[in-house]
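# Give me coordinates for this.
(chains A and B, ligands or ions: 8)
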There are 2 protein chains.
Amino acid sequence: SIKIIGDHTDMYAQGYFAYDSKKSGGVTVSHLRFGHKPIKAPYLINKADFIACHNQSYVDKYDILSGLKKGGTFLLNCIWQEDELAEKLPASIKRYIAANDVQFYTVNAVGIAAEIGLGGRINMIMQSAFFKLANIVPLQDAVEYLKNAVVQSYGRKGQKVVDMNNAAIDRGINALIKINVPVAWKDAQDIPEEIAKRECACSALTQKKAPAFVKNVLVPMNKQEGDKLPLSAFADMVDGTFPAGTAAFEKRGIAVNVPEWQADHCIQCNQCSYVCPHASIRPVLVTDKEAGNAPAGFVTRPATGVEGLHFRVNVSPLDCTGCASCVRVCPAKEKALVMKPLDSQIQEQARFEYALQLAPKANPLNKETVKGSQFEQPLFEFSGACAGCGETPYAKLVTQLFGDRMMVANATGCSSIWGASAPSMPYTTNHKGHGPAWANSLFEDNAEYGLGMHVAVKQIRDRLAGQMHEVLATDISPALKTAMAAWIAHQESGEGSRERAETLTALLEAEKGQHALLNEIYKYKGYFVKRSQWIFGGDGWAYDIGYGGLDHVLASGEDVNVLVFDTEVYSNTGGQSSKATPTAAIAQFAASGKRVKKKDLGMMAISYGYVYVAQIAMGANQAQTMKALAEAEAYPGPSLIIAYAPCVTHGLKSGMDQSQAEMKKAVDCGYWALYRYNPQLKERGKNPFTLDSKEPTGNFRDFILGEVRYASLQAKFPEAAEELFAKTEADAKERLKVYKRLAEYSD
Amino acid sequence: SIKIIGDHTDMYAQGYFAYDSKKSGGVTVSHLRFGHKPIKAPYLINKADFIACHNQSYVDKYDILSGLKKGGTFLLNCIWQEDELAEKLPASIKRYIAANDVQFYTVNAVGIAAEIGLGGRINMIMQSAFFKLANIVPLQDAVEYLKNAVVQSYGRKGQKVVDMNNAAIDRGINALIKINVPVAWKDAQDIPEEIAKRECACSALTQKKAPAFVKNVLVPMNKQEGDKLPLSAFADMVDGTFPAGTAAFEKRGIAVNVPEWQADHCIQCNQCSYVCPHASIRPVLVTDKEAGNAPAGFVTRPATGVEGLHFRVNVSPLDCTGCASCVRVCPAKEKALVMKPLDSQIQEQARFEYALQLAPKANPLNKETVKGSQFEQPLFEFSGACAGCGETPYAKLVTQLFGDRMMVANATGCSSIWGASAPSMPYTTNHKGHGPAWANSLFEDNAEYGLGMHVAVKQIRDRLAGQMHEVLATDISPALKTAMAAWIAHQESGEGSRERAETLTALLEAEKGQHALLNEIYKYKGYFVKRSQWIFGGDGWAYDIGYGGLDHVLASGEDVNVLVFDTEVYSNTGGQSSKATPTAAIAQFAASGKRVKKKDLGMMAISYGYVYVAQIAMGANQAQTMKALAEAEAYPGPSLIIAYAPCVTHGLKSGMDQSQAEMKKAVDCGYWALYRYNPQLKERGKNPFTLDSKEPTGNFRDFILGEVRYASLQAKFPEAAEELFAKTEADAKERLKVYKRLAEYSD
Ligand SMILES: Cc1ncc(C[n+]2csc(CCOP(=O)(O)OP(=O)(O)O)c2C)c(N)n1
Ligand SMILES: Cc1ncc(C[n+]2csc(CCOP(=O)(O)OP(=O)(O)O)c2C)c(N)n1
Ligand code: SF4
Ligand code: SF4
Ligand code: SF4
Ligand code: SF4
Ligand code: SF4
Ligand code: SF4
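Ligands and ions are numbered 1, 2, ... in the order given. Model prediction:
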């Protein structure tokens, strides 16, 4: 709209779009100014003539009308009839409209878009409604400009799309409903419970647990009122530390449909949970007693292979993004998950929350298996990542395995956004208060940042060991001596040091008064358990901008674990080409398809000989992913795991609900290879390189044409496409050949 | 001295050491202050009580006594007797001494050091002489402190070294000679020719050719008077550009001995010239007439295999550093080069300069052979690199092959210091005024800097081609059309475009008035010859600090040539450990020997498949070096050449005169491998990887123990040494195994 005004009138125009950092269900506020005088206003609009709200659920969440001038216009997209408005709108909005003589209009853009076949795309309808109401340009002209814009934007997608958008424009003009505002709205009364419900959708149970931060910072920021917070609200976190686990209090409820568990079909494989990008579906084991105390409808089935416990899959409807990944992956003969409208599943929320606060149980299975891992609490949950994101399931899995003793240095990129989008923090803690410590420094220095974390901890732990050696020579109790010796022997093992840390702590607690050194050692008890140091980042970081540092850190030989989310583009900033982008893929800065092949980051790291390296793709081989993560973490030197991650920037034609299946296709056709290079095998005289993917069988061309990033090259540059597609395939074959050779060596 | 005063008296002390950037024959001025009051003087000393000159040749070169207070003390280390001083000292110094009642002492420290067996190491003698004269600390105490310092500094080198240094201290006290200053010195007269000779040692011929810059900037800066230059002296170079070829006017005369050519023994192989780090020895071809006009003593021999021309090897005694590399490499049965005292060879200077200004001759041989390359003019000469430097011969060779159309982006490091130590510039131009354009940006961004140079030129040349295509369709002359078409066809070939550039330029000159585009094309005639883009840097740059950028530039696929001078340490800053440092080598930051193995930079680049990669070591295989450089430059994509370069930081036990032989040993024992990876072979269905070094025969351990960087580990940490030495050898073997496998593939 602002572009049309700027281009076609003699008015000055200004547009500023304030985004939040959520990648699914995010909010954008567009501030548009226009007028006959030059605009010198480098600040947001705080007095508006016109306010439009494109999403009816926002009336509950945000203070929408604040700043609308007396007599101004309010346009609300909603499915509500005029007579429902009194009930649906909160009292505060009703009062504002009535008190300020607001011209109030509604339009059912969602309904119209659905009718026309535009799905959720309401923008053309809302734009033409705006032009009708604003009356800046003669309506006929506005329609013409809008239609020209449609040709420009969608022309390449074919006449059908153009026609649908034109229809939307025509409909938008005539679908406006002028609301007769009842005088009674002036005195509309707030209902306290309603306000509470509107402000936080979590259950009373969850609300009770919420730290002060949630009330003081998270809720206001999420209401788009962060700018109004006083400095004092941050007094407890002047060093920039934000509390963990606060994403659980957002309960955004952004899904249209969410999965419903079909207990009778379920084979208890836990794969739904394995792949969920948002940790919104969780298997639990339940005792008889717990089942007895559960809220109504808490269906369970006897746990397969675990004597005396019940099994249940829990869904959190308000945290689910509705991506349907879980449904697609469910291997039950008859799907044990079925997508249902959110409204119909709200009662599952309380059941989910009941399940989460049950007594923690020792994992009856090996946690380093696919099924076993899902009985571990994810210490990363409910992030703002896109629905179906290929990156987050890896991060979640890592926290299930090592989260309670994990530190993460995170490069800037999607993983720093879904990893910590203020105000909420998806990394969380377990019942002991243990969870990942997470921080983001810069895009370019993340590997070094993580190395610094690691050597700092190593320094402290080595000093602890030295102090223990010293104190062992004194007359401390035999029990403490034994505990210390045991700790020293297992200092470098994750589980080993954890097992011994508690005894050691308890004994020190008793004896620490007897020796200054004991006291000193006790002070650092937080370091008894070996930390698991992780360095997370995207391919833009690992292959390009942070690569110099990454190489240096891998070369250092230090015990850090690097996890690269390889989306093959800079996803967070909209899909720029990186050195991980394969030949032929279209990306920003590579609009006519990338010309040179994908960099082989793994091979480069392998050339050191002392770096553990793996390529994984969880959707292709869940067990290999498990093995690689476990081996990498256990390897006492540097590890690099390159994880293939489908992303919305790829344009999966099958849809993001199929991102797991897409990984499988990628591996089946030889586009992506799975391997593990374990230097420890070399020490044992074995070939360190294991090729885990099989001889390709799938059709390479079919695979790449299933993604818009490749397919659109064909549409735009048919001749170049053929050549580049052939090269992509040849490149992948050549890579695979190198891997096969490595796999064949016997020494 | 200043440390002793600071440590052992209650005086305050300050020391500042002003270095120039020459790595051979450089000058250091030590500014030492001490006294009973705190010293708040953050500037150089300009009024001194005491001045010592440690090198007698400086009396001619620098204004030594400027600032010495009336009645102050001047100590001169010289071999001159008292009665020779009147003749040897310049008039200005004599006048200053007499006019200012200077207490003048001499000491023959050089003579004493030689007697004791300390070679040129005169510092202990000069220090004890200083303490005797300065009388700050009781002499006995000063001697004791000095001797303690000797034990600290040299204790590890054995009692013999300690004893020699102690003897030097004792001798220094008693060897002072107080000079009775003749009253006549007050009126000493300057002799103009003498001043000229003192200020520039070049011949009259060379002096005549000197650009104004030499007189206005170079000479004052080299006299340590750069700080006194007015800003206006730089008016012509406000953009920072310094003129090329000015190192030729320094004629530093720093060698003690220089080679003398033995015409009758010479087999005309040109290897002496090939290896000379300073381009101070040059074969020339001479016509009868030129031989006839030559200065006396211009000995020649009939040129082997070149009808009608004479051959001669010319030495520039005043540019030679006396490293003797040429002598060691000379393969003549009876050495055709013999080291002789500098004094005895001064008359060679004029002959050398005569040889250099002879008419350029077409190279009768292939310039891409060892011998042929040396008939090409080096466009890099007389740098300030260390005597025997392993880096500079590579740089010189590259300029002989591509210098007249070459651009160099240089990383910070030794190569930026010997490549351009203000005020002089060793990169120079040929008789047409063509030579390398050279610049240094930063340590870390050099690859990007070079890429930028390249793409800028490419952009201009592509535009030129486009303009020619356009103008070809008009009615320009058939001759010009032919010339343009020919140029377009050979645009991307170095020699091909050069051959066609002159004709094209001449034709354009005639016709350019006829068409605006012709004029435009003509303006850019400087771009007709294809540029050869080089990116130079050390291993610290390429393996570490600049690696992120280097990787990005190699991945870009652009036609740039990267030459890495691999000294396996940060040489310029004194030998810090880099990722190129092999296991066990002692370096700064790796004082107990490096623990992890050398990074395989070449293999990482090879993983791209479209980067030309070579490892070379000129002393091991001169022909392979030639081949690699020629192939790399010709390859129309990115090239990476990793050149092994012995360095003074290695501590060659055999001496830096053996740096070429050391390279051979390195390759013979399997420490360094020679290979070439040429992607063009792959296109032709051949194995792109050629292993050029043979199965190792030499003794690996002998090789590493021949260098102090390894041997000293044995002295310091004998047990660790054994283990690390074994690992270094195993690492090298493993590398070689990988190369052998690559070499074996047939597809
Ligand atoms: C030095 C620097 N350059 C650019 C940016 C902007 N930036 C932030 S995230 C990002 C993309 C990250 O891409 P990638 O590393 O591939 O991670 P992904 O988003 O794909 O997970 C960019 C370019 C930045 N933060 N810092
Ligand atoms: C970013 C940066 N860090 C450090 C330096 C200081 N510095 C200048 S040259 C040099 C060493 C260069 O070593 P290398 O690249 O191996 O080249 P060599 O001197 O061995 O030829 C260093 C550390 C610098 N100039 N810039
Ligand atoms: S629909 Fe998506 S977000 Fe929701 S539970 Fe399933 S996988 Fe998780
Ligand atoms: S994926 Fe399906 S079968 Fe497996 S646990 Fe989940 S609901 Fe049950
Ligand atoms: S990686 Fe892709 S799918 Fe995941 S959050 Fe980023 S943009 Fe969305
Ligand atoms: S002694 Fe060294 S510097 Fe002198 S000419 Fe020979 S190689 Fe060159
Ligand atoms: S190396 Fe010796 S034989 Fe060869 S050209 Fe030089 S002087 Fe002659
Ligand atoms: S590379 Fe070594 S030998 Fe050459 S100039 Fe530098 S320090 Fe001297």
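# who's in contact with the residue of the stretch 601-747 of chain A found nearest ligand 7?
Using Cβ to the nearest ligand atom, the closest approach of the stretch 601-747 of chain A to ligand 7 is made by residue A:607 at 38.7 Å. All C-beta atoms are positioned from the backbone trio N, CA, C, and that covers glycine. Applying Cβ atoms under 8 Å, 6 or more residues apart in numbering or on different chains, one finds that residue A:607 lies in contact with B:599, B:600, B:603, B:604, B:607.
# can you do 10 Å?
A:613, B:599, B:600, B:601, B:602, B:603, B:604, B:606, B:607, B:735, B:738 (Cβ atoms under 10 Å, 6 or more residues apart in numbering or on different chains).
# Which strand or helix spans the fifth one?
This means residue B:602. Here residue B:602 sits within helix B:601-606, counting by DSSP states H and E.
# any idea how far residue A:456 is from residue A:579?
Distance from residue A:579 to residue A:456, counting by Cβ to Cβ, to the nearest Å: 31 Å.
# Equivalent analysis for residue A:24, please.
35 Å.
# of those two, who's got more company?
residue A:24 (21 against 12; other Cβ atoms under 10 Å in any protein chain shown).
# these two touch, right, the more buried one and residue A:414?
No - applying Cβ atoms under 10 Å as the test, residue A:24 and residue A:414 come out as separate, 11.6 Å apart.
# who touches both of the two?
Common neighbours of residue A:24 and residue A:414 (Cβ under 10 Å, 6+ apart) are A:383, A:384, A:385, A:386, A:389, A:648.
# ok, of those residues, which one's closest to ligand 4?
Closest approach between these and ligand 4, by Cβ to the nearest ligand atom: residue A:389, at 18.5 Å.
# Now do the contacts for that closest one.
By Cβ under 10 Å, 6+ apart, the residues touching residue A:389 are A:23-24, A:277-278, A:321, A:323, A:325, A:383, A:395, A:414-415, A:418, A:565, A:567, A:571, A:645-648, A:656, A:659.
# just to revisit the earlier point, need the shared contacts of residue A:24 and residue A:414 in CSV with distance to residue A:587, secondary structure and pLDDT, can you?
Below are the shared contacts of residue A:24 and residue A:414 laid out as CSV (distance: Cβ to Cβ, whole Å; DSSP: H, G, I helix; E, B strand; the rest coil; pLDDT from 0 to 100):
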residue, distance to residue A:587, secondary structure, pLDDT
A:383, 24, coil, 96
A:384, 23, coil, 94
A:385, 20, coil, 96
A:386, 17, coil, 96
A:389, 18, coil, 97
A:648, 13, helix, 96
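# if you skip the residues just before and after it, what's nearest to the closest residue to ligand 1 within chain A?
Relative to ligand 1, the nearest point of chain A is residue A:538 (1.8 Å; Cβ to the nearest ligand atom). Nearest residue to residue A:538 in three dimensions, chain neighbours excluded: residue A:413, at 3.8 Å (Cβ to Cβ, 6 or more residues apart in numbering or on different chains).
# tell me the pLDDT at that neighbour?
Looking at residue A:413, its pLDDT reads 97.
# Pretty sure it sits against residue A:536.
Yes - in this structure, residue A:413 is within contact of residue A:536 by Cβ under 10 Å, at 8.6 Å.
# Flag the shaky bits of chain A, pLDDT-wise.
Scanning chain A for pLDDT under 70 picks out A:194-206, A:746-747.
# Show me how it divides into domains.
Under the assignment automatic domain parsing, the domains of chain A span A:2-187, A:254-376, A:568-624+A:631-744.
# how about the residues of chain A near ligand 4?
A:261, A:266-272, A:313, A:330, A:332, A:336-337 (Cβ under 6 Å from any ligand atom).
# Format those as CSV; extra columns: neighbour count and distance to residue B:71.
Putting the residues of chain A next to ligand 4 into CSV (neighbours: other Cβ atoms under 10 Å in any protein chain shown; distance: Cβ to Cβ, whole Å) gives the following:
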residue, neighbour count, distance to residue B:71
A:261, 23, 102
A:266, 22, 104
A:267, 12, 104
A:268, 18, 101
A:269, 19, 98
A:270, 23, 95
A:271, 20, 95
A:272, 27, 96
A:313, 27, 99
A:330, 24, 100
A:332, 16, 104
A:336, 23, 104
A:337, 23, 101
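# which among these gets closest to ligand 8?
Closest to ligand 8, out of all of the residues of chain A next to ligand 4 and judged by Cβ to the nearest ligand atom, is residue A:271, at 59.2 Å.
# can you pull the contacts of the closest one?
A:283, A:326, A:329, A:330, A:331, A:332, A:370, A:371, A:374, A:622, A:660.
# Same question for residue A:404.
Neighbour list for residue A:404: A:376-377, A:379, A:429-430, A:432-436, A:494, A:498, A:529, A:532 [criterion: Cβ under 10 Å, 6+ apart].
# so the residue of chain A closest to ligand 1 bridges to which residues?
Residue A:538 forms beta bridges with residue A:565, as assigned by DSSP bridges.
# Now do it against ligand 6, distance only.
Residue A:538 sits 52 Å away from ligand 6, going by Cβ to the nearest ligand atom, to the nearest Å.
# Is residue A:613 located within a strand, as I assumed?
Yes - assigned with DSSP: H, G, I helix; E, B strand; the rest coil, residue A:613 falls within a strand.
# Run a quick check on it versus residue A:674, I expect a contact.
No - counting by Cβ under 10 Å, residue A:613 stays clear of residue A:674, with 11.9 Å between them.
# Mind giving me the ChimeraX command for buried ones among the contacts of residue A:271?
Filtering the contacts of residue A:271 down to the buried ones (16 or more other Cβ atoms under 10 Å in any protein chain shown) takes a single ChimeraX command:
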select /A:283,326,329,330,332,370,371,374,622,660
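# ok, which of the contacts of residue A:271 also contact ligand 3?
Among those, the ones lying near ligand 3 by Cβ under 6 Å from any ligand atom are residue A:326.
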